[in-house]
Every structure is written in structure tokens, then in C-alpha cells.
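have a look at this fold, sequence not included:
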């Protein structure tokens, strides 16, 4: 199969399986936009982490500025908070609840580890 025939098969498949969405509300558009933006920011952070570990190609390593990773972490955090805001999530409560859950799991694993020795 060549690329052109693959494209044609996928085009036909898309026509058959295309979902029929209603028009998005403004809030839904914002959630979608922020979700895509968050993925972009995470990707940029991943690129910087790969650069710090010297796992990028030479051209990217030559342009890399180690100080930029601070901005990338900030971008991920800011965009996550923006997404939480438009999605109606109380980010402070979400973090608080998650930290409690992690602590409970840690304590449970620690207890299980001690009893299995």
C-alpha cells in the first residue's frame, strides 16, 4: 500500500465514522483550547528536560538555555490553573485532596512493607 492509497482509505473511513457534534459553547471552546495549550506547554517542558539530560539532537542542544526550564515549568503550572478555572475546578481543593490521598497510600504501603518483612 502506498501513501496515496492509505490517505484515500482514511478519507473514506473518516466520512463513515465522523461524529456529529453540536456546536461548542464558549466554555467548551475555552476548555478545549486550554487543554491543547497545556499539551503544548508540557511538550516544551519535555524538550527542555531532554536537553538537560543531553538527549536532544545537536541542533537543539546548541540553542538550549538551561534557564528556560524555569519558564517552561511556570507555563505548565499557569496553563493548568487556567484550564482548571474554565473547567470549574477548585485547584486548591483538588491539590489538597490529592495530597491526602497520596499520603494515605504511602502510609498503607509503608505498613504493608513492614508486615511483610
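Good, I have the coordinates. This one's a predicted model, so the numbers in the text were calculated from it and none came from an experiment.

most centrally placed residue in the chain?
Most central in the chain under CA atoms, centre = their mean is residue 39, positioned 4.4 Å from the mean C-alpha point.

how about the helix or strand containing that one: buried residues?
Remark: residue 39 resides in helix 26-52, with elements defined by DSSP states H and E. Buried residues in helix 26-52, defined by neighbour count with 16 or more other CB atoms under 10 Å: 30, 31, 34, 38, 41, 44, 45, 47, 48, 51. C-beta here means a position set from N, CA and C on the backbone, and glycine is covered the same way.

returning to that earlier point: return the distance of the residue nearest to the centre of the chain relative to residue 55.
20 Å (CB to CB, to the nearest Å).

what's the answer for residue 6, then?
Taking CB to CB, one finds residue 6 at 31 Å from residue 55.

with residue 43 instead?
15 Å.

residue 76 too?
19 Å.

who has more neighbours, these two?
Just comparing residue 76 and residue 55: by other CB atoms under 10 Å the higher neighbour count belongs to residue 76, 18 against 10.

ok, the residue lying closest to the more buried one once chain neighbours are set aside - contacts?
Spatially, and ignoring its direct neighbours in sequence, residue 76 is nearest to residue 41 (4.8 Å; CB to CB, 6 or more residues apart in numbering). For residue 41, the contact set (CB atoms under 8 Å, 6 or more residues apart in numbering) comprises 72, 75, 76, 79.
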